[in-house]
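Asks: sequence and predicted structure below; questions after.
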Amino acid sequence: MNTFTKPLTIGCLMAATFCGSVFAQTAPTVVDQIVKEETDNSQLEKLAHELFDGVGPRLVGSPQMMKAHDWAVAKYTGWGIAAHNEKWGEWRGWERGISHIDMVYPRVKSLEGTQLAWSPGMGKKTVVSDLVILPDLADSNAFKAWLPAVKGKFVMISINQPTGRPDYNWQEFATKESFDKMKKDRDAQTAAWRERIRKTGCTNKTLPVALENAGAVGIVTCNWSNGFGVDKIFGAYTKKIPTIDIALEDYGTLYRLTESGDKPQISVHTESKELGVVPTFNTIAEIKGTEKPDEYVILSAHFDSWDGGTGATDNGTGTLTIMEAMRILKKIYPNPKRTIIVGHWGSEEEGLNGSRAFVEDHPEIVKNIQAVFNQDNGTGRVVNLSGQGFLNSYNYLTRWLSKVPSDTKDQIKTSFPGEPGRGGSDFASFVAAGAPAFSLSSTSWLYGVYTWHTNRDTYDKIVFDDLRANAILATILAYEASEDPTTTSRDKSILINPKTGEPTKWPDPVKPTRIGGLDQ
């Protein structure tokens, strides 16, 4: 029996050794598992539906912003990731209500329009009145003399655009002569309208207030975004009367009817609710490091948005990218070497306030940051990565990128050492503090025209294939940065002004606005 079993045992041992060797060579790496998880089990569509269709836009100070923070904490908690909402300031609380805007004379037509953020509510009142166009007056004295004419009227303060077709449409179909003529005329009209406002002695911010104080019943604007059907929706400056944006097509109709003396009338009913001063938050989640828990990799995206649409690509897609990365990391890589933090920043749109506050409030984290990866500018796949002026960023960023599958990394154009970001998105808050922070910058998808701060920034504009690639990229970069045995260098390159050839300074940290919106 012994002589029979001994060679069998040796054979089994040899087989086990062989099998183990094969397993070591063929077992999926962490990177392989990351790619497989996102490819086979992506949660991006589900998260997008819940956040954009369910929660909606996330204007700082609004109930939807707070609802989004709580939603994110609940999602992380459900994934077994510690998360909390961290107060950093206070803001004017405001809640959007319904809007009804109609032309009632010389014919009836429902108009495409919306009240601007923080526009004063009208209660249950509806106002019907005609319109006046801001005239081309000689100077501020003439403007003051004209002001009584606005009493009881809606005042149109935006240019009547000469075309509602975007330039790419003209380029495709117009003759060169026609296109050039249109651009020349448009430039002249735009300059003339800018001069018209300047001669009032007011700015775009103070003009609505002057008209309000003179007895106007509402301010009518059209902030066209140079594309079919898109307007940018920002904030109102009036305190008592509504400020509404009307789409180019309808605004042009009203403008021409008013200009020709047909005296169109509109009916406006807008509701909103002032909520006083409310606390503002960042949502922070973390997976604690096991070997170097006091060193940090940060995944970064701002959580707030303007509220003309639902903030899907600014910055919902960045938000989903880093949420999905954290979900995958917790599942595939639950015991990272360094602590991995995700920061969903509040009030980026008003000046990077949430991330600037985090940098100011957490010097103990900032001084030990291994890397920050920020995603902000739209739904497109990441195609640009700059070293942000950090002298040795080439060494570690290219090392980490080398682990990314070629179908994702080959599309990325890198620049080293690059220039430090001075604004634009939240990575700049960390760069100014000397922490290696990088923007994962996306391809366009006409972001600046069609979704950036517009009424069309909605779920249907998301390109999920690109978003999945970004989630894979962010996850792998966070994993590689966490695993790297070396600590990243913070050495800065010497900055030279390309126009003057003179040395320039590294950007200084900027203090956040901790109490905001009260002067809107």
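Replies: Nice, I can see it.
Asks: where do the helices sit along the stretch 151-300 of the chain?
Replies: Secondary structure of the stretch 151-300 of the chain (DSSP state H, counting those that start in this stretch): helices at 167-173, 176-198, 207-213, 248-259.
Asks: which one of those lies closest to G152?
Replies: In terms of CB to CB, the element of these nearest to G152 is helix 207-213, at 11.9 Å. Yep, even glycine has a C-beta here, placed from its N, CA and C like the rest.
Asks: which residues does the closest one contact?
Replies: Helix 207-213 has contacts (CB atoms under 8 Å, 6 or more residues apart in numbering) with 134, 147, 150, 155, 157, 197, 200, 202, 219, 236-241, 243.
Asks: kindly recompute the last result at 7 Å.
Replies: Here helix 207-213 makes contact (CB atoms under 7 Å, 6 or more residues apart in numbering) with 150, 155, 157, 197, 200, 202, 219, 237-241, 243.
Asks: now swap in stretch 425-438 and tell me
Replies: 300, 302, 345, 348, 352, 355-356, 359, 366, 369, 371-374, 376, 385, 388, 390, 393, 420-422, 439, 488, 490, 507-510.
Asks: in helices, which of those residues appear?
Replies: Among these, the residues falling in helices (DSSP state H) are 355-356, 359, 366, 393.
Asks: what's the following helix or strand after the least confident helix or strand in the chain by mean pLDDT?
Replies: Counting by mean pLDDT, DSSP states H and E, the weakest-scoring helix or strand in the chain turns out to be helix 2-26, with a mean of 41. Using DSSP states H and E, the helix or strand that follows helix 2-26 towards the C-terminus is helix 30-41.
Asks: what sits up against that following helix?
Replies: 324, 328, 331-333, 403, 405, 468, 471-472, 475-476, 479.
Asks: any chance of those in CSV, plus pLDDT and secondary structure?
Replies: Below are the contacts of helix 30-41 laid out as CSV (pLDDT from 0 to 100; DSSP: H, G, I helix; E, B strand; the rest coil):
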residue, pLDDT, secondary structure
E324, 98, helix
I328, 98, helix
K331, 98, helix
I332, 98, helix
Y333, 98, coil
K403, 97, coil
P405, 97, coil
R468, 98, helix
A471, 98, helix
I472, 98, helix
T475, 98, helix
I476, 98, helix
Y479, 98, helix
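Asks: which of those residues tops the neighbour count?
Replies: T475 (30 neighbours; other CB atoms under 10 Å).
Asks: residues contacting it?
Replies: Per CB under 7 Å, 6+ apart, neighbours of T475: 34, 325, 328-329.
Asks: closest one to G56 out of those, please.
Replies: Nearest to G56 among the contacts of T475, with distances taken as CB to CB, is A325, at 23.5 Å.
Asks: the closest one against S300, yeah?
Replies: No - judged on CB atoms under 7 Å, A325 makes no contact with S300 at a distance of 10.9 Å.
Asks: how near is F179 to S444?
Replies: 21 Å (CB to CB, to the nearest Å).
Asks: hmm, I was thinking of G516
Replies: G516 is 30 Å from S444, where distance means CB to CB.
Asks: thinking again about what came up before, can I get the buried part of the contacts of stretch 425-438 as one PyMOL selection?
Replies: Buried residues among those (16 or more other CB atoms under 10 Å), as a PyMOL selection:
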select buried, resi 300+302+345+348+352+355+356+359+366+369+371+372+373+374+376+385+388+390+393+420+421+439+488+507+509+510
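Asks: can I have the buried ones of the contacts of helix 207-213 as a ChimeraX selection?
Replies: Filtering these down to the buried ones (16+ other CB under 10 Å) takes a single ChimeraX command:
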select :150,155,157,197,200,202,219,237,238,241,243
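Asks: OK, contacts around D250?
Replies: Applying CB under 7 Å, 6+ apart, the residues near D250 are 111-113.
Asks: next one: it, what pLDDT does it get?
Replies: At D250, the predicted lDDT confidence score is 98.
Asks: R58 in helix, strand or coil?
Replies: coil (DSSP: H, G, I helix; E, B strand; the rest coil).
Asks: from what I can see it touches Q64, true?
Replies: Yes - in this structure, R58 is within contact of Q64 by CB under 7 Å, at 5.6 Å.
Asks: coming back round to it: neighbour count: G516 and S444, which is higher?
Replies: Each of G516 and S444 has its neighbours counted (other CB under 10 Å); G516 has more, 20 against 13.
Asks: name the element A142 belongs to?
Replies: helix 140-146.
Asks: tell me the spacing between A469 and P279.
Replies: On the measure of CB to CB, A469 and P279 end up 36 Å apart.
Asks: of the two, which one has the most company?
Replies: Neighbour totals were compared for A469 and P279, and A469 leads with 22 against 14 (other CB under 10 Å).
Asks: just the buried positions in stretch 496-514, please.
Replies: Buried-residue list, stretch 496-514, by 16+ other CB under 10 Å: 507, 509-510, 512-513.
Asks: just these now: which is nearest I81?
Replies: Looking across the buried residues of stretch 496-514 and measuring by CB to CB, the closest to I81 is P512, at 25.8 Å.
Asks: wait, the closest one touches F358, no?
Replies: No - the criterion here is CB under 7 Å, and P512 misses it with F358 at 8.8 Å.
Asks: shared neighbours, those two?
Replies: Joint contacts of P512 and F358 (CB under 7 Å, 6+ apart) are W88.
Asks: now stretch 129-138: buried residues?
Replies: For stretch 129-138, burial by neighbour count (16+ other CB under 10 Å) applies to 129-134, 137.
Asks: now, which of those lie within strands?
Replies: Using DSSP state E, the members of the buried residues of stretch 129-138 that fall in strands are 129-133.
Asks: mind putting those residues into JSON lines with pLDDT?
Replies: Formatted as JSON lines, those follow (pLDDT from 0 to 100):
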{"residue": "S129", "pLDDT": "98"}
{"residue": "D130", "pLDDT": "98"}
{"residue": "L131", "pLDDT": "98"}
{"residue": "V132", "pLDDT": "98"}
{"residue": "I133", "pLDDT": "98"}
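Asks: what's the closest of those to Y255?
Replies: I133 (6.6 Å).
Asks: now the closest one: closest residue in space that isn't a chain neighbour?
Replies: Leaving aside its chain neighbours, I133 sits nearest to M156 (4.9 Å; criterion: CB to CB, 6 or more residues apart in numbering).
Asks: how about that neighbour: which residues does it bridge to?
Replies: For M156, the residues forming beta bridges with it (DSSP bridges) are I133, V220.
Asks: where does pLDDT dip in the protein?
Replies: 1-26, 520 (pLDDT under 70).
Asks: got phi/psi on G89?
Replies: phi -180, psi -160 (degrees, to the nearest 10).
Asks: can you give me the neighbour number for it?
Replies: The tally of other residues near G89 (other CB under 10 Å) stands at 19.
Asks: doesn't T379 make contact with K461?
Replies: Yes - contact criterion CB under 7 Å: K461 and T379 qualify, at 6.4 Å.
Asks: quick one: residues contacting K263.
Replies: Residues in contact with K263 (CB under 7 Å, 6+ apart) are D130.
Asks: can you list the buried residues of stretch 496-514 in CSV and add distance to P208?
Replies: Formatted as CSV, the buried residues of stretch 496-514 follow (distance: CB to CB, whole Å):
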residue, distance to P208
P507, 33
P509, 33
V510, 28
P512, 27
T513, 22
